[in-house]
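Asker: Provided below for reference: sequence and predicted model.
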2 protein chains.
Amino acid sequence: MLPLDASNFATLLEDHDNFLFDCDGVLWKGNQLLAGAAESLTDLKKRGKKIYYITNNGASTRAQYAAKCRKLGLPAEEADIVCTAHFTALHVKDLLNVSDFVTPGTGPKIYVMGTPALELALTDLGLQCIGNGPDPVPEDFLEDDWRAESLDKDVRAVVVGFDKHISYFKLIKAACYLNDPKVHFVATNADTTFPSSSRDIIIPGTGCIVGPIVMACGRKPVIIGKPATLMIDHLKEHFYLDVSRSVFIGDNLHTDIGLANKCQMKSVLVLSGVSTLVEAKRYAESTAAADQDFVPTFYLDDMGTFYSLLLLS
Amino acid sequence: MLPLDASNFATLLEDHDNFLFDCDGVLWKGNQLLAGAAESLTDLKKRGKKIYYITNNGASTRAQYAAKCRKLGLPAEEADIVCTAHFTALHVKDLLNVSDFVTPGTGPKIYVMGTPALELALTDLGLQCIGNGPDPVPEDFLEDDWRAESLDKDVRAVVVGFDKHISYFKLIKAACYLNDPKVHFVATNADTTFPSSSRDIIIPGTGCIVGPIVMACGRKPVIIGKPATLMIDHLKEHFYLDVSRSVFIGDNLHTDIGLANKCQMKSVLVLSGVSTLVEAKRYAESTAAADQDFVPTFYLDDMGTFYSLLLLS
């Protein structure tokens, strides 16, 4: 692990055609663009580099993400956005052999706990979604009396993402559907918390929605988001992404750097987000083999520093 | 592991003064008394044996459990009931040094996710409970905008049990309170499912309520219920329970038999509930040391068989 500086930046730039950026904590925080991000990405594009935006956040579709990027001044087309809502939908479509020509929302039925964007992405690819939105436990609900009568016999998959409407009734339904081993189980990601603007608060993430379902049904889902490699595998297969000519820039050692190492991609840890240099050094200096999975190739402060290095190259 | 039969039952009876029974799956199923249960316990009492009812279910107070037992024809006083609602309250009272003479509901403040019975048990011992009951996520809720302003600065502990009103808003609040390391974290139990009357359905248990909070805050709670030994430790300390003269009768290898072995108590697996003889044999025949924790001393079909052995003795 080396600091990214003038001496190695030029080589990094020369040796790589594809720059894969995590978003929150690297390019922006919430709705606030971080300094140097827009300038860097615009400059990289001018130099003929390909940019990808890789995010576990399932709150937006690809079109919505591209619009957000452009609003913040980042150069983005819908095709550059690699987000869990879209890739989860793609994966479920493949699992259930849905034709490319099916009318939206008319294909196989799936039980969804997730964002409206996830439901939209699934519906767009032909799937029929049930269960999404609020579903509070009935006032007179008794566990002892629960029978499976209100379950839909046609459900072929349970798809779980971030769902702020999590309820005990939904946990029961998801677990009961998954009790049938033929029903597929797919989760957008497993991040336990969202990046938080304050050290005083914790914002539970998608992992806290998926976790209780895993506990109840005793099955593990296919996970789409980082550090699982499915999204990169897709880029390799369908967009001929050459990982040896790609570099991943992220702020999270477990998801971003973990993914880069799994895919044997070079990586840059940016210190403007979740992970700290102290944590990165702890992994770098550890003698435990598993800890090496989280050691980035390079680190630097933020995209402001990245841009100043870019200007020197 | 031996079948409990006429040859070893007489010795079991002679060598033990205390018979600790798990309830659901052993003595009853839901509201249905199981055959032989009432007759066996009444007979044991007549022979001068002490009976305890040991349950992880936090849906009832001790008084409510004793009433249920008597209604089903089981001999029970409130003091015989060892249930998580009461023992969780006792433990929190000790943690927070609440005096025995405090007026109910006026002592230290705690954030509770649990049953009304858990709240009642806590209030009775002097604690002030907030948060219990429905607390749905507001319609316009955005994680990005969440600030800790609506948190109560006086909360000294987070207590989590089975809560059918689980909501994302409650998960956020519990995780934020627990972000302060001085705030205690106590859970009634961690069973991932309830015993279910049908193989077709899964009823998520208290572990599915506690689990997402553990994931979000990264802390582990003190767990009161089986297989944790806290309830038995309390009986040893305050009621001078002699474990060498005690036998535990349960249907769950992980909670009941696990607890008995941790406490070095003899145990009987009853096959009328959660665990099967196949599972028990798998543990008994395993060469892995950890698997021995779940091997019962004896096994038998049900309390009907227990009663027929009792009649022969």
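Answerer: On my side now, so go ahead. Here the structure is a predicted model, which is why all the values come from computation and not from measurement. Numbers count the residues shown, from 1 in each chain, chains lettered A, B, ... in the order given.
Asker: pLDDT wise, what is A:Arg147 at?
Answerer: Looking at A:Arg147, its pLDDT reads 81.
Asker: A:Asn179 versus the nearest residue to it once chain neighbours are set aside, what's the distance?
Answerer: By the measure of C-beta to C-beta, 6 or more residues apart in numbering or on different chains, the closest residue to A:Arg147 outside its immediate chain neighbours is B:Ile201, 7.1 Å from it. Yep, even glycine has a C-beta here, placed from its N, CA and C like the rest. To A:Asn179, B:Ile201 is 7 Å away according to C-beta to C-beta, to the nearest Å.
Asker: more neighbours: these two, which one.
Answerer: A:Asn179 (20 against 16; other C-beta atoms under 10 Å in any protein chain shown).
Asker: now for the more buried one: which residues touch it?
Answerer: A:217, B:200-202 (C-beta atoms under 8 Å, 6 or more residues apart in numbering or on different chains).
Asker: do A:Ile110 as well
Answerer: A:92, A:96, A:122, A:127-130, A:155-159.
Asker: same thing with A:Lys49?
Answerer: Applying C-beta under 8 Å, 6+ apart to A:Lys49 gives the contacts A:16-19.
Asker: determine which two of those are furthest apart.
Answerer: A:Asp17 and A:Phe19 (8.4 Å; C-beta to C-beta).
Asker: find the residues that touch each one of these two.
Answerer: Common contacts of A:Asp17 and A:Phe19 (C-beta under 8 Å, 6+ apart): A:49-50, A:246.
Asker: and A:Cys176, how many neighbours?
Answerer: Residues contacting A:Cys176 under the criterion other C-beta under 10 Å number 27.
Asker: that one against B:Ile201, yeah?
Answerer: Yes: the pair A:Cys176 / B:Ile201 is scored as a contact, 5.1 Å apart, by C-beta atoms under 8 Å.
Asker: shared neighbours, these two?
Answerer: Residues touching both A:Cys176 and B:Ile201 (C-beta under 8 Å, 6+ apart): A:Ala148.
Asker: helix or strand for A:Phe9, which one?
Answerer: Assessed by DSSP states H and E, A:Phe9 sits inside helix A:6-15.
Asker: on that earlier part again, what subset of the contacts of A:Asn179 is buried?
Answerer: A:217, B:201-202 (16 or more other C-beta atoms under 10 Å in any protein chain shown).
Asker: how's chain A carved up into domains?
Answerer: A:2-56+A:227-312, A:86-223 (automatic domain parsing).
Asker: for those domains, which one sits closest to B:Asp256?
Answerer: It's domain A:86-223; of those, that one is closest to B:Asp256 (C-beta to C-beta) at 19.3 Å.
Asker: measure that closest one end to end?
Answerer: 13 Å (C-alpha to C-alpha, to the nearest Å).
Asker: now A:Cys217, nearest residue through space, not along the chain?
Answerer: Leaving aside its sequence neighbours, A:Cys217 sits nearest to A:Leu178 (C-beta to C-beta, 6+ apart; 4.0 Å).
Asker: A:Thr188: what's it in contact with?
Answerer: Shown in contact with A:Thr188 (C-beta under 8 Å, 6+ apart): A:56, A:58, A:84-85, A:88, A:114, A:118, A:159-162, A:206, A:223-225.
Asker: ok, so of those residues, who is nearest B:Ala63?
Answerer: In terms of C-beta to C-beta, no member of these lies closer to B:Ala63 than A:Val160, at 39.9 Å.
Asker: what separation do you get for the closest one and B:Leu2?
Answerer: 45 Å.
Asker: same question for A:Gly105.
Answerer: According to C-beta to C-beta, A:Gly105 stands 60 Å off from B:Leu2.
Asker: same question for A:Pro134.
Answerer: 53 Å.
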